[in-house]
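Visitor: turn this into a model:
(chains A, B and C)
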Amino acid sequence: MTRLTLNPDRLFPADPATRDVARALYADVATLPIVSPHGHTDPAWFATDAPWENATDLLLAPDHYLYRMLYSQGIALDTLAVPAHGKPSTTDRRAAWRVFAGHQHLFRGTPSRMWLDHVFAEVFGFDVTLSADTADLYFDRIGELLATPAFRPRALFDRFGIELIATTEGAHDTLEHHEAIRRSGWQGKVVTAYRPDAVIDADHEDFRSALARFAELTGEDVGEWRGYLAAHRARRQAFIAMGATSSDHGHPTAATADLSAADTEALFATVMHATPTPAEAELFRAQMLTEMARMSLDDGLVMQIHPGSSRNHNRWLHGAYGRDKGADIPTRTDYVAALKPLLGRFGNEAGLSIILFTLDETAYARELAPLAGHYPCLKLGPAWWFHDSPEGMRRFREMTTETAGFYNTVGFNDDTRAFLSIPARHDMARRIDCGFLARLVAEGRMSDDDAAETAVDLAYNLVRRAYKLDGGTGLADAA
Amino acid sequence: MTRLTLNPDRLFPADPATRDVARALYADVATLPIVSPHGHTDPAWFATDAPWENATDLLLAPDHYLYRMLYSQGIALDTLAVPAHGKPSTTDRRAAWRVFAGHQHLFRGTPSRMWLDHVFAEVFGFDVTLSADTADLYFDRIGELLATPAFRPRALFDRFGIELIATTEGAHDTLEHHEAIRRSGWQGKVVTAYRPDAVIDADHEDFRSALARFAELTGEDVGEWRGYLAAHRARRQAFIAMGATSSDHGHPTAATADLSAADTEALFATVMHATPTPAEAELFRAQMLTEMARMSLDDGLVMQIHPGSSRNHNRWLHGAYGRDKGADIPTRTDYVAALKPLLGRFGNEAGLSIILFTLDETAYARELAPLAGHYPCLKLGPAWWFHDSPEGMRRFREMTTETAGFYNTVGFNDDTRAFLSIPARHDMARRIDCGFLARLVAEGRMSDDDAAETAVDLAYNLVRRAYKLDGGTGLADAA
Amino acid sequence: MTRLTLNPDRLFPADPATRDVARALYADVATLPIVSPHGHTDPAWFATDAPWENATDLLLAPDHYLYRMLYSQGIALDTLAVPAHGKPSTTDRRAAWRVFAGHQHLFRGTPSRMWLDHVFAEVFGFDVTLSADTADLYFDRIGELLATPAFRPRALFDRFGIELIATTEGAHDTLEHHEAIRRSGWQGKVVTAYRPDAVIDADHEDFRSALARFAELTGEDVGEWRGYLAAHRARRQAFIAMGATSSDHGHPTAATADLSAADTEALFATVMHATPTPAEAELFRAQMLTEMARMSLDDGLVMQIHPGSSRNHNRWLHGAYGRDKGADIPTRTDYVAALKPLLGRFGNEAGLSIILFTLDETAYARELAPLAGHYPCLKLGPAWWFHDSPEGMRRFREMTTETAGFYNTVGFNDDTRAFLSIPARHDMARRIDCGFLARLVAEGRMSDDDAAETAVDLAYNLVRRAYKLDGGTGLADAA
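Guide: Down below sits the predicted model:
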């Protein structure tokens, strides 16, 4: 068995002088509250506060970062207790855990390995690494701990120092768990975010059923353009009542459109009542981003645009297991031409705020930093998904800072459903940002004082301001 | 107030052994003369030698690197005294300066911040940083200094150790300031460069008026293909008489064409006398690059191709303020297919020299270094515009050197209208190149002697050879 | 004259603590046998074991990495004794060598310079660098050594510690040299690889003649679809008999197709018996990748896909000198959409193994690592061609590891016809990988033990497993 310890200097640059600066910067941000404005935790956890059952169901079976790597080496998803189409697996959970434990070498050099080690050491208190030899030790001990009150969702929420967490719900969601959280009197701040993809995207497998629920929840005739827009407005208000300050749009591309009212209505009719071509479905998604921007000018929701994933690339796997099974692959993504229609319409409006994400790092220096370094409505979301990693976050800072600065970025998003890894993920981001700032200091490109102030802004203040979370006081320019 | 000092080791790698090498390399290039073969200073400054008036008009209002960042954070261009459509702003200059001074944190980690600190410390002698508290101190002192003879354009030109500077003029420019400089007897070497975009690009807003001036200045019938070509030839000679050794081509893409004579004439007729489609305008620009190459074979002008900017992306801003207001956004740029027609025609001509620039860094290792590492006529211009920055210049060397070497690059271009920042910009480039060479030495990839010789070539010799500035003796292979 | 020594710490990071780790890791892999599963050495060398004649014919005239750089600086290929269309040059070999020797500064910072220094110091024992002054010393001494038994191909093969080397032969090759090697009783393991491009690619200049040989060697009617497939099957078996464990596909793009049987036959008929359009030729290449995958499921050959080179970009040079003269230029390459048809058909088959290469580094983090980190049949080939270099290999690890891990990569390929540089190339790769692992250790991202095991896997075990070379025991997960 190998000892598990977390190196206190992990993720800092190796050069001793630079590391000293990084360590000092990190000391000021390490214990700041966690603000998680975008993610995919299940609000039911916080509504019911029911205990999780075992290591496999909590840590392995829902985490596509983990099982996609194992699958890539020929391990069947059934072996790992991954549910097919949401139906619980019948695989023995301990057996699944053993397979995972026996393949830890696959995760060498990946952020998953660092997140897991953090969870194992900090959350569960293990002092030996996970391996084939310790698989049962881990499975048993995690199971015992999960059964204790200290490992219930709300207890961990408090222990993790989470100031606020946002979940993401579809436009057709009842928000019942969010209501239950509010009714419960628990003080943890769990808010929602408005994700209308399923009622906008005619290519979405749930399009028709989501529209039906959308109509039912709002009482609007969503098959008619004015009713459809009214339904969006109503649901945005319902989400705002459950704490939402943002909407989220996960389209295949960043395309936007600025059609005439007549063309929009005609397109809407085709999408709703005929069989739209792929181009028509794309144009409707594009126009709807502009419509959402228009609504944001009224109700203040911050727009998040997350484009560029080719969803469900593995045809067989999609059929056998369903969506979100680790088979979404990034694609080249254009922003300059794609966003021009929306920006031409609303790009200079003081009241609009759009946060852009990308899976195509080539856009950082070429498109995204120049756009965010000019348009007042644009900000850059952090390194995302496959790029939410030490090298990915470094590249993000190296390729965006010189053109967009730090103050056109919005702090860190964990974007995760792996609740226990949230402290590990925010810690990684803080360490990488402190390391980047330390390099600027060590290379004489920034003063110590400026770096210290910036580190706190990146860890805490910017996210609060960008997501309109009660003001974000403390920023460099707040005085 | 915070002390302003320039770290003597700034921009060198932090590792002590590598830094020692960088420091030694830099010592040999720090005070070499500045050769600035491509930029946008105003020749009227050197022709009239009139004093500049105040900090805002000199440093802020004309510098889109600065006001685009401030605009991105919601500060109106009017507030910053930025002229609309060339009409002087009525904004109080001191008030504008105070706004700029109060937002210095936005520039943390950007090259602008380092250039400004260099200008403030070295050119103006400040020993406190610019901030809201020192805004008036700065504004007053800069105003006083600008009124003294030592801060007139020609005095600074000499103080900066500029051996030669090139400005850029349109094909329809009278070159009167260049003539005035020559008539004045002043010895400063200020030359022009031939930029015919406005008489080639049918999409250019000044196309018709530029053509009219082009005809007037040359006496040619520019509405007829032979007359149009003759006008180019005549103006190239006029530019050469004013010291030009290069032409400059800022097209949206790098497309070139090699049409038959008949097709070219027909296309020309459409562009001049009908309403060309976007594709026809593009094809004409493409063909004209090949025509310019043909003329270069006769008159020896080095061609510079600067493609890949989506100009005037912000529709409202373009209408309200005009061109060049910080709203040009880089786009993906292809070179391999785009340049093939021109290279198929002239790519192996010993007399042709083409310097390629890019705003799309993905082309460095994939396209530009392989092209320049093969075709005798191609050289790579330095990291440009958004990439004229510490990280940008590092990436340029890291991604081009292994395939194209150092000797298919052309030294540094400042490409700036910010005259006072020219020493800062060349100093940054020299430091970054010395740091890159130092890393190669520290990693056992290059000898000290080779690095020392290369550092001088990058700072001084290569630019003189690439731009045909009296021979460029002293190069490694000149012996 | 300048002393030539190889820095024992070359290519390791400069930071002392990181370098110590790298040095320790490297100590364990430095002398591991060389496995070279993909390259372009000439099997005739090993079949005949005839001596090479002189430095120019061995080191300069066949190496397009070298003469493309010299050509880019205006040195004619004739001057360098480069053969035109395979016809031996009449240029004096010593004169050519002197030109090369006098231009060593062009190679500063390139991998060629490091490979050559390794060859000169380690293989030939020089202790002064190559320069104009030492050109004759080098030419004479190399000539003398090549005439000795110790410098015959087989002797060097043994001296280099090559466990196995693969050459690459066309589908229409007789494999006579491979047969001769086997008949000779020599124990060196030289195997072939199946490269059918010339009988698949209708745009290939040898398409018709290659097809004729293909038919002749197999006795099949290759003008008929079933006969054509049977010919492939027969030749794959012949290659397997000569040790092949892989096929290799160098298409312009990564496009694959999954046509119906009827559509495939119709397309085949067009390609063979009519004049296919470029799109039809492309679609046939695409379909043939899927057909090759289908055959791999039967015969077990590992597929290598090497897309993205725009071949023979220099029209004049292609006419004057022929293929492979340093004028192939990388292009943007899509994998996500391109591979979908093949992966939709066979992507989840346990028996299929496809190794992907790229000349477009933007695909590493965006497309290739996500694909290889999911599909069981996909692995990533090493940094290739223009990217087979210190910076290129670093970028490969930095951009692929976090998503695909190390165990979806396949170790190093030298891909070279420069036989004497093979130890230098593998040594460079091992040093860079050890340096990368050392950085992970120094930054607290990997344990020493994990790094040591991974270093051996990257240098030796992974290539044996990926190319199915008798089992590849010793891997982390082999226990």
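Visitor: what about the helices in the stretch 1-150 of chain A?
Guide: Secondary structure of the stretch 1-150 of chain A (DSSP state H, counting those that start in this stretch): helices at A:16-29, A:43-48, A:55, A:64-72, A:93-101, A:111-118, A:135-146.
Visitor: roughly how far is the fourth one from the heart of the chain?
Guide: A distance of 19 Å separates the centroid of the chain from that of helix A:64-72, by CA atoms, centre = their mean, to the nearest Å.
Visitor: with the fifth one instead?
Guide: In terms of CA atoms, centre = their mean, the gap separating the centre of helix A:93-101 from the centre of its chain is 27 Å.
Visitor: that one and chain C, are they touching?
Guide: No. Figure legend: helix A:93-101 not in contact with chain C (CB under 8 Å from any CB of the partner chain); closest approach 11.2 Å. (Glycine included, C-beta is placed from N, CA and C.)
Visitor: who does that helix touch, helix- and strand-wise?
Guide: helix A:64-72, helix A:135-146 (3 or more CB pairs under 8 Å, 6 or more residues apart in numbering or on different chains; DSSP states H and E).
Visitor: mind listing what's buried in the helix or strand following the longest one?
Guide: Along the chain past helix A:135-146, the next helix or strand (assigned with DSSP states H and E) turns out to be helix A:153-159. Buried residues in helix A:153-159, defined by neighbour count with 16 or more other CB atoms under 10 Å in any protein chain shown: A:P153, A:R154, A:L156, A:F157.
Visitor: include mean pLDDT when you put the helices and strands packed on helix A:93-101 into CSV, please.
Guide: Listed next are those as CSV, based on pLDDT from 0 to 100:
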stretch, mean pLDDT
helix A:64-72, 97
helix A:135-146, 98
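Visitor: still on that earlier bit, check the buried residues of helix A:153-159 and tell me the two furthest apart.
Guide: By the measure CB to CB, A:R154 and A:L156 form the most distant pair in those, at 7.4 Å.
Visitor: quick check: A:A14 vs chain B, distance?
Guide: Separation of A:A14 from chain B (CB to the nearest CB, to the nearest Å) stands at 9 Å.
Visitor: quick one: residues contacting that residue.
Guide: C:P13, C:D15, C:A17, C:T18, C:R439, C:A442, C:E443 (CB atoms under 8 Å, 6 or more residues apart in numbering or on different chains).
Visitor: residues contacting the nearest residue to it once chain neighbours are set aside?
Guide: Leaving aside its sequence neighbours, A:A14 sits nearest to C:A442 (CB to CB, 6 or more residues apart in numbering or on different chains; 3.9 Å). By CB under 8 Å, 6+ apart, the residues touching C:A442 are A:A14, C:D15, C:A17, C:T18, C:V21.
Visitor: contacting residues for the second one?
Guide: Going back to what we said before, that points to C:D15. A:A14, A:D15, B:D15, C:A442.
Visitor: got a list of what A:F151 touches?
Guide: Taking CB under 8 Å, 6+ apart, one finds A:P51, A:W52, A:L145 in contact with A:F151.
Visitor: the first one and A:E144 touch, don't they?
Guide: No. With contact defined as CB atoms under 8 Å, A:P51 and A:E144 do not form a contacting pair (11.2 Å).
Visitor: and the contacts of A:A14, which are buried?
Guide: For the contacts of A:A14, a burial check counting by 16+ other CB under 10 Å picks out C:P13, C:D15, C:T18, C:R439, C:A442, C:E443.
Visitor: quick check: which element contains the fourth one?
Guide: To tie it back to what came earlier, the one meant is C:R439. Using DSSP H and E, the element containing C:R439 is helix C:422-442.
Visitor: settle it for me: which of A:P51 and A:E144 has more neighbours?
Guide: Between A:P51 and A:E144, counting by other CB atoms under 10 Å in any protein chain shown, A:P51 is the more crowded of the two (16 against 11).
Visitor: which residues touch A:L437?
Guide: A:V21, A:A22, A:L25, A:M446, A:A451, A:T454, A:A455.
Visitor: surely the last one meets A:A27?
Guide: To tie it back to what came earlier, the one meant is A:A455. No. With contact defined as CB under 8 Å, A:A455 does not reach A:A27; the gap is 9.7 Å.
Visitor: show the pLDDT at A:M1.
Guide: Looking at A:M1, its pLDDT reads 83.
Visitor: and it, how far is that from A:L59?
Guide: 20 Å (CB to CB, to the nearest Å).
Visitor: the two: which has the busier surroundings?
Guide: Neighbour totals were compared for A:M1 and A:L59, and A:L59 leads with 23 against 10 (other CB under 10 Å).
Visitor: before we move on, back to that, now, of the helices of the stretch 1-150 of chain A, which is deepest in the fold?
Guide: Counting by mean count of other CB atoms under 10 Å in any protein chain shown, helix A:55 has the highest mean neighbour count of the helices of the stretch 1-150 of chain A, with a mean of 27.
Visitor: who's in contact with that one?
Guide: Contacts to helix A:55, defined as CB under 8 Å, 6+ apart, come from residues A:R93, A:W97, A:Y138, A:F139, A:I142, A:G143, A:L146.
Visitor: need the max-distance pair from these.
Guide: The most widely separated members of the contacts of helix A:55, counting by CB to CB, are A:W97 and A:L146 (13.1 Å).
Visitor: what is in contact with those two at once?
Guide: With contacts taken as CB under 8 Å, 6+ apart, A:W97 and A:L146 have A:N54, A:A55 as neighbours in common.
Visitor: in three-state terms, label the residue positioned nearest the centre of chain A for me.
Guide: The centroid of chain A falls nearest to A:D415 when counting by CA atoms, centre = their mean (1.9 Å). Secondary structure for A:D415, judged by DSSP: H, G, I helix; E, B strand; the rest coil, is coil.
Visitor: residues contacting it?
Guide: A:D415 is in contact with A:H38, A:G39, A:H40, A:W384, A:W385, A:D388, counting by CB under 8 Å, 6+ apart.
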